[in-house]
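*Asks:* Below are the sequence and a predicted model for it; my questions follow.
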Amino acid sequence: MRKQIVAGNWKMNKTFSEAETLITDIADALDEVDLKDAEVVLCPPALYLEMATDVAFESNFKVGAQNIYPEDSGAFTGEISPLMLKDLNVSYCIIGHSERRKYFHETTEFLKRKADALLKHGIRPIFCCGEVLPEREANQHFEVVQKQLAESLFHLTQEAFQEVVIAYEPVWAIGTGVRATKEQAQEMHAYIRGLIAARYDGATANEITILYGGSCNGKNARELFEQPDVDGGLIGGASLKTEEFLQIVTSL
Ligand code: 13P
């Protein structure tokens, strides 16, 4: 059975004390929820990872980072390595987010190195893919996603690939309030699963968690998560409010 996941990508939000309050509030609320086999992942800014893993130690969630540099150590001023994340008990790391592709010019080749660097240390990449609006309007969205996956992930062995979580995040849906319809999400998720089956095999494709991200909130999460190939969500804005985030978690 593939794992269902709701992950909160806090992006560059919250002061330390606000982050501490939000994490402990979410941890307390999760104590009341039967997650069964599902997993909740909180991805706060890097400065708060240690505090988050301390709280997670006695709680029902895992911690993810939002970024890494793909080397273990060295002269890379300002960067954080997967070895450092491993040392803090961070379980996941988002890579390939459209904001990093756009603002920090991250290429598919660089993301390939990041995937390798994380997997070397047993940290599960949450690999984001998705098209911008003109690409969807030109009916190029399948081709765009195929290329992103092929160029950054499909070099992995089957064993390594099984540790990857995919997040389909259509860029036009991120932070806009315009989400993909349940049909659009299901269509792309099924397409991604088909690509994985073609590259690896059907059993691998069936085991991979594929999340939806982009204006997912407490009101629309359930109908998205009900789709057969949607295994949960990568949540931005709505992950910054305890009640709404919990509403999403309980929509699994
Ligand atoms: P929003 O949920 O704010 O649209 O952001 C989605 C996202 O980018 C998660 O990584």
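*Replies:* That came in fine, so what should we check first?

*Asks:* need the residues of the stretch 1-150 of the chain near the ligand, please.
*Replies:* With C-beta under 6 Å from any ligand atom as the criterion, the stretch 1-150 of the chain meets the ligand at residues 9, 97. The way it works is simple: take the backbone N, C-alpha and C, and place the C-beta from them, glycine included.

*Asks:* go again using 8 Å as the cut-off
*Replies:* Neighbours of the ligand within the stretch 1-150 of the chain, by C-beta under 8 Å from any ligand atom: 7, 9, 11, 94, 97-99, 128.

*Asks:* Please identify which of those is nearest to residue 57.
*Replies:* Distance to residue 57 across those (C-beta to C-beta) is lowest for residue 7, with 18.5 Å.

*Asks:* which is the next helix or strand following the helix or strand where the closest one lies?
*Replies:* Using DSSP states H and E, residue 7 maps to strand 5-9. For strand 5-9, the succeeding helix or strand toward the C-terminus, using DSSP H and E, is helix 16-30.

*Asks:* Could you export that following helix as PDB, CA atoms only?
*Replies:* Taking C-alpha atoms only, helix 16-30 is exported to PDB below (Å, rounded to 0.1, in the frame of the first residue of the first chain):
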ATOM      1  CA  PHE A  16      10.700  31.700  15.600                       C
ATOM      2  CA  SER A  17       8.100  32.200  18.300                       C
ATOM      3  CA  GLU A  18       5.300  32.000  15.800                       C
ATOM      4  CA  ALA A  19       6.800  28.800  14.300                       C
ATOM      5  CA  GLU A  20       7.100  27.200  17.800                       C
ATOM      6  CA  THR A  21       3.500  28.000  18.600                       C
ATOM      7  CA  LEU A  22       2.200  26.700  15.200                       C
ATOM      8  CA  ILE A  23       4.300  23.500  15.500                       C
ATOM      9  CA  THR A  24       3.200  22.700  19.100                       C
ATOM     10  CA  ASP A  25      -0.500  23.600  18.200                       C
ATOM     11  CA  ILE A  26      -0.400  21.200  15.200                       C
ATOM     12  CA  ALA A  27       1.400  18.500  17.300                       C
ATOM     13  CA  ASP A  28      -1.300  18.800  20.000                       C
ATOM     14  CA  ALA A  29      -4.100  18.700  17.400                       C
ATOM     15  CA  LEU A  30      -2.500  15.600  15.700                       C
END
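
*Asks:* how many neighbours does the residue of the stretch 151-252 of the chain found nearest the ligand have?
*Replies:* Across the stretch 151-252 of the chain, no residue is closer to the ligand than residue 236, which sits at 2.2 Å (C-beta to the nearest ligand atom). Applying other C-beta atoms under 10 Å, we find 22 residues neighbouring residue 236.

*Asks:* List the buried residues in stretch 99-114.
*Replies:* For stretch 99-114, burial by neighbour count (16 or more other C-beta atoms under 10 Å) applies to 99-101, 106, 108, 110-112, 114.

*Asks:* May I see these organised as JSON lines, with pLDDT and secondary structure added?
*Replies:* Conversion of these to JSON lines gives the following (pLDDT from 0 to 100; DSSP: H, G, I helix; E, B strand; the rest coil):
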{"residue": "99", "pLDDT": "98", "secondary structure": "helix"}
{"residue": "100", "pLDDT": "98", "secondary structure": "helix"}
{"residue": "101", "pLDDT": "98", "secondary structure": "helix"}
{"residue": "106", "pLDDT": "98", "secondary structure": "coil"}
{"residue": "108", "pLDDT": "97", "secondary structure": "helix"}
{"residue": "110", "pLDDT": "98", "secondary structure": "helix"}
{"residue": "111", "pLDDT": "98", "secondary structure": "helix"}
{"residue": "112", "pLDDT": "98", "secondary structure": "helix"}
{"residue": "114", "pLDDT": "98", "secondary structure": "helix"}
